[in-house]
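Would you be able to build a 3D model of this:
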Amino acid sequence: MNVEDAAATALAEADASFEIFRRAPAEARARLLDAVAEEILALGDDLLMTADAETGLGLPRLTGERARTVNQLRLFASVVREGSWVDARIDTREPARTPPKPDVRRLLVPLGPVVVFAASNFPLAFSVAGGDTASALAAGCPVVLRAHPAHPETSARVGAAVDAAVARCGLPAGVFSIFVGGGHEIGLSLVRHPFARAVAFTGSLQGGRALFDAAAARPEPIPVYAEMGSTNPVFILPGALAERGAALGTALADSATVGTGQFCTKPGLIFAVEGAGFDALSQALAARVGAKEPTRMLYGLLAERFRAGATALAAAGVRRLAAAAEAAPPAGSPVAWEISVDDFVATPSLREELFGPSTILVRARSPEELVRAAAALDGQLTASVHGTADDLAAAAPLVARLERKVGRLLFAGVPTGVEVCAAMNHGGPYPATTDARTTSVGTAAIHRFARPLCFQDAPEAVLPPELRDHNARGVWRLVDNRLTRDDIGAGA
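The predicted structure follows:
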């Protein structure tokens with residue numbers, strides 16, 4: 001079967017299953033998510049050893065990632081069971097008004113089949129049964145999954161676990177399907193197929209933009225939720241720099257190199273003002289990075305791109321502050337750089353993500369130059385500000401500028417590490433993502449795969465349970481501009 005036929009078959013099966021899946025009780029979707037978690041755990045440590053052999057990420061890291069994957073599946077199951085995510089809104093009729101006010105009721109409904117592209121750097125948590133798949137299934141959308149070629153056997157094993165969960169729950173097989181291998185064309189064929197209703201992607205700017213353009217060029221365009229990278233700038237204000245410059249240098253070196261720098265939230269830019277603590281920051285950053293050992297990157301081509309990017313930085317005149325021992329691909333050698341704000345602003349290429357264990361220290365002459373640097377940044381997933389109480393009291397212009405640039409603003413710690421919770425936002429203005437209104441981490445991710453549907457003067461029998469007078473599911477609803485879990489007319 002050729003690429004186009006394979007894509008068409010998968011999406012036809014997904015579309016055929018959609019009507020059954022979207023109308024299944026919420027408990028059926030929740031049971032499916034719980035079952036996927038159970039099937040992944042049933043694969044045991046053989047799954048982790050397979051993932052380690054394919055990615056080199058190490059068993060401790062992969063053990064934690066498996067726990068995150070299972071926990072986020074269970075978290076979405078709890079969201080589906082509780083049910084208020086559908087955002088039910090009800091305005092009851094007022095027949096005595098002139099003109100009469102109709103009965104209007106609205107909630108979110110699933111979009112349809114979602115094409116998910118797995119990430120390379122998280123073979124479990126952002127892959128076959130990762131957050132995109134979990135949130136799409138939670139919304140009631142079948143998933144057609146394009147596995148990442150960096151870990152095909154891991155993907156196949158997790159894909160089989162999801163298939164087993166679907167069968168165990170008595171749902172149609174088309175609720176989930178997976179493509180392992182097949183090249184770039186299979187991905188484009190999936191996006192272009194008319195049965196695809198949305199796309200989720202985590203990867204490079206080039207890859208995400210290609211999918212976005214393909215989806216926009218369809219006769220009926222569809223949304224693409226693509227996370228495409230970030231430099232995650234860190235701003236260290238003078239008081240914090242004087243107090244803990246060395247400690248910050250060490251912490252940021254560790255953050256920039258953890259997982260061989262292959263986190264989308266890696267701090268790739270560090271901005272600080274010359275003065276007390278700057279030398280301590282610089283020296284600690286250099287010492288920590290220089291002492292690191294080269295470690296394997298996810299795959300050879302990625303390591304080659306990292307090495308080429310480091311060569312380009314040197315050619316652009318960026319001073320090498322420190323570097324670990326040289327190593328050939330597939331290893332990545334940690335490296336730190338230093339440059340002035342003037343040169344940073346004048347060199348657009350320095351604002352592009354270099355995926356791997358690299359970070360650039362940018363030297364500013366004044367706090368005002370930090371605001372100038374922030375203004376030059378593109379959209380980011382995160383930005384971090386380190387400051388004392390006095391620093392932050394005077395930093396309103398910098399914070400205001402960063403609020404326009406990022407999806408998550410941190411005031412302590414390092415950006416690596418993303419908590420999976422209701423309040424988390426993992427997104428940001430372009431080019432960090434294609435849609436700054438959404439997140440790919442946390443329970444709000446479910447809203448990417450739903451759309452509003454409004455019923456006007458509808459008979460009770462045709463309404464979804466969440467919109468009926470009797471609130472059988474007990475969800476929170478906005479009824480006549482009042483948030484309540486009561487039945488319509490209760491207490492009248």
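
Chain neighbours aside, what residue packs nearest to Ala310?
Distances taken as CB to CB, 6 or more residues apart in numbering place Val335 nearest to Ala310, at 5.8 Å, with adjacent residues excluded. C-beta: built from backbone N, CA, C; applies to glycine.

lowest average confidence, helix or strand, in the chain?
helix 183-192 (a mean of 90; mean pLDDT, DSSP states H and E).

Pull out the CA atoms of that one and give them to me as PDB.
In PDB, the C-alpha atoms belonging to helix 183-192 read as follows (Å, rounded to 0.1, in the frame of the first residue of the first chain):
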ATOM      1  CA  GLY A 183       9.300   9.100   5.700                       C
ATOM      2  CA  HIS A 184       8.100  12.700   5.600                       C
ATOM      3  CA  GLU A 185       5.500  12.100   2.900                       C
ATOM      4  CA  ILE A 186       3.200  10.000   5.200                       C
ATOM      5  CA  GLY A 187       3.000  13.000   7.600                       C
ATOM      6  CA  LEU A 188       2.000  15.400   4.900                       C
ATOM      7  CA  SER A 189      -0.500  13.000   3.400                       C
ATOM      8  CA  LEU A 190      -2.100  12.700   6.800                       C
ATOM      9  CA  VAL A 191      -2.400  16.400   7.300                       C
ATOM     10  CA  ARG A 192      -3.800  17.000   3.800                       C
END
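
thinking again about what came up before, got the contact list for the residue nearest to Ala310?
Residues near Val335 by CB atoms under 8 Å, 6 or more residues apart in numbering: Val289, Ala310, Arg320, Ala322, Ala323, Ala324, Pro357, Ser358.

go again using 7 Å as the cut-off
Residues near Val335 by CB atoms under 7 Å, 6 or more residues apart in numbering: Val289, Ala310, Arg320, Ala323, Ser358.

quick one: the third one and Gly413, what's the gap?
Applying CB to CB, to the nearest Å, one obtains 27 Å for the distance of Arg320 from Gly413.

for His447, same thing?
For His447 relative to Gly413 (CB to CB), the value is 27 Å.

go on, Thr55?
The gap separating Thr55 from Gly413 is 26 Å, by CB to CB.

Please identify which of the two sits among more neighbours.
When Thr55 is set against Gly413 and neighbours are counted by other CB atoms under 10 Å, the residue ahead is Thr55, at 25 against 11.

doesn't His151 make contact with that one?
Yes. Using CB atoms under 7 Å, Thr55 is in contact with His151, at 5.6 Å.

list residues touching both of the two?
Joint contacts of Thr55 and His151 (CB under 7 Å, 6+ apart) are Pro123.

In this structure, spot the helix with the most residues.
Of all the elements of type helix in the chain, the one with the most residues (DSSP state H) is helix 59-82.

Please save the CA atoms from the following helix or strand past it in CSV.
Downstream of helix 59-82, the next assigned helix or strand under DSSP states H and E is strand 88-91. Output in CSV follows, covering the C-alpha atoms of strand 88-91 (Å, rounded to 0.1, in the frame of the first residue of the first chain):
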residue,chain,number,x,y,z
ALA,A,88,-21.5,24.4,29.6
ARG,A,89,-23.3,27.7,29.3
ILE,A,90,-27.1,28.1,29.5
ASP,A,91,-29.2,31.2,29.0
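
same question for strand 88-91, mean pLDDT?
Mean pLDDT, computed over strand 88-91, is 98.

Please apply the same query to stretch 15-31.
97.

now what about that stretch, what contacts it?
77, 80-81, 83, 110, 112-113, 137-138, 140, 142, 169, 171-172, 174-175, 195.
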